[in-house]
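**Q** Task: produce atomic coordinates for the following.
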Amino acid sequence: MTGGVTNGRAGRARWAPAVLAALGLLAGACGTGPGTLQQSGAGTVQRSSPVATTPTPSAGSLVAGRYQPLWPFADEEQVRDWQESYHSGGHQPWHLDAERTALSFTQGFLGFTGVDQVVKRTVTGGDARVSVGIRGEGRGRPGIAAVIHLVRFGTGPDAPWEVVGTDDTTFSLTTPRYGALVSSPVTVGGRITGVDESIRVHVRATGSARPLGERCCVSAGGDDVPWSATVTFRAAPGRTLTLVASTGGHVAEVERFTVTGVRVAQ
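**A** So this is what the prediction gives:
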């Protein structure tokens with residue numbers, strides 16, 4: 001994986017009402033997005049993949065032995081706790097639905113409530129890609145805001161879906177690298193294709209309603225040009241952070257986004 005796809009960690013799984021409310025917003029894609037949006041099949045995919053309230057997971061808590069858990073579970077212990085509650089009372093069955101998990105991550109955790117469409121879904125065994133986007137204009141092709149990568153976490157037929165990153169094409173977050181140790185301030189960056197873009201960067205953590213750091217906004221534009229920003233944040237050593245970059249303003253507040261996960265240096 002390269003760039004922003006496999007990034008981030010989740011803190012103790014807490015499903016706020018806002019997250020659950022986001023599930024009701026699932027709808028079929030329609031319309032056409034702006035020309036600056038990432039489209040299905042566009043470009044060469046770069047993989048990207050929050051500050052959590054729990055220590056950095058050990059190798060044993062990696063998803064599928066290689067991916068860092070972004071959301072909604074921090075480790076396999078949390079997965080087992082949910083499985084027990086699901087078996088006993090049918091608690092939060094949406095964890096078994098890749099589309100709902102991806103959209104809840106987008107709307108509930110990241111706060112991008114305008115990104116309310118599932119445009120495409122591809123599942124191969126325990127690996128899934130869910131393209132989320134915004135409602136387009138007219139009846140044309142919908143624009144894709146991000147392709148979210150999910151992997152089954154834990155064991156058994158009821159292993160839930162876990163967000164492990166994003167697949168990036170026309171907008172990427174490749175610095176710092178996935179899983180890197182960082183300290184504040186941190187320089188983030190990648191590449192972007194677009195016109196009159198305005199990039200906002202957030203540092204987020206599971207369990208926190210507000211960003212732990214924010215930078216707005218970085219002007220960018222051109223064909224596959226580099227962008228960068230420096231963000232200050234406050235987080236305890238050993239925590240895992242989700243770095244989130246988004247751009248928009250043409251037809252919607254957020255039209256594209258990318259995420260990556262890093263750890264706070266000791």
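
**Q** Can you give me the buried ones in stretch 226-245?
**A** 227, 229, 231, 233, 235, 239, 240, 241, 242, 243, 244, 245 (16 or more other Cβ atoms under 10 Å). Where C-beta positions appear, they are placed from N, C-alpha and C, glycine not excepted.

**Q** Quick check: which element contains the fourth one?
**A** Meaning residue 233. For residue 233, there is no host helix or strand (DSSP states H and E).

**Q** Excluding chain neighbours, what is closest to it?
**A** Distances taken as Cβ to Cβ, 6 or more residues apart in numbering put residue 213 closest to residue 233, at 3.0 Å, once the chain neighbours are dropped.

**Q** So what's the residue count around the closest residue to residue 134 other than its chain neighbours?
**A** Closest residue to residue 134 in three dimensions, ignoring its sequence neighbours and counting by Cβ to Cβ, 6+ apart: residue 252, at 4.8 Å. Here the number of neighbours of residue 252 (other Cβ atoms under 10 Å) works out to 20.

**Q** Which members of the buried residues of stretch 226-245 are the farthest-apart pair?
**A** The span of those, defined through Cβ to Cβ, is set by 227 and 239 at 25.5 Å.

**Q** before we move on, back to that, these two touch, right, the residue nearest to residue 233 and residue 183?
**A** No. Counting by Cβ atoms under 8 Å, residue 183 is not a contact partner of residue 213; they are 11.9 Å apart.

**Q** more neighbours, these two?
**A** residue 213 (20 against 11).

**Q** ok, now which ones touch residue 121?
**A** Contact analysis of residue 121 by Cβ atoms under 8 Å, 6 or more residues apart in numbering lists 98, 99, 128, 129, 130, 131.

**Q** that's a helix at residue 243, yeah?
**A** No. Using DSSP: H, G, I helix; E, B strand; the rest coil, the secondary structure at residue 243 is strand, not a helix.

**Q** pretty sure it is in contact with residue 257, am I right?
**A** No. At 11.0 Å, residue 243 does not count as touching residue 257 under the criterion of Cβ under 8 Å.

**Q** In terms of pLDDT, where does the residue nearest to residue 134 sit?
**A** What the model reports for residue 252 is a pLDDT of 90.

**Q** OK, contacts around it?
**A** Counted by Cβ under 8 Å, 6+ apart, residue 252 has contacts 114, 115, 134.

**Q** And residue 106, by the same measure?
**A** Residue 106 is in contact with 22, 112, 115, 132, 145, 146, 148, 257, counting by Cβ under 8 Å, 6+ apart.

**Q** can you tell me which residues contact residue 225?
**A** Taking Cβ under 8 Å, 6+ apart, we find residue 225 in contact with 191, 192, 193.

**Q** For residue 85, what are phi and psi?
**A** Phi and psi for residue 85, reported as degrees, to the nearest 10, are phi -70, psi -30.

**Q** what about the residue nearest to it when sequence neighbours are not counted, distance to residue 79?
**A** Spatial nearest neighbour of residue 85, chain neighbours left out: residue 91 (3.8 Å); criterion: Cβ to Cβ, 6+ apart. For residue 91, the distance to residue 79 (Cβ to Cβ, to the nearest Å) stands at 13 Å.

**Q** again with residue 245
**A** Distance of residue 245 to residue 79, computed by Cβ to Cβ: 28 Å.

**Q** And for residue 61?
**A** Between residue 61 and residue 79 the computed distance is 9 Å (Cβ to Cβ).

**Q** Looking at those two, which has the bigger crowd around it?
**A** Counted by other Cβ under 10 Å, residue 61 and residue 79 do not tie: residue 79 has more neighbours, with 26 against 19.

**Q** The more buried one contacts residue 156, correct?
**A** No. Counting by Cβ under 8 Å, residue 79 stays clear of residue 156, with 9.5 Å between them.

**Q** And for residue 155, the neighbour number?
**A** Around residue 155 there are 11 residues (other Cβ under 10 Å).

**Q** check contacts around it.
**A** No contacts exist for residue 155 under Cβ under 8 Å, 6+ apart.

**Q** is it true that it lies in a helix?
**A** No. With three-state DSSP as the criterion, residue 155 is coil rather than part of a helix.

**Q** pLDDT wise, what is it at?
**A** 92.

**Q** and if you look at the one 5 residues further on?
**A** At residue 160, the predicted lDDT confidence score is 98.
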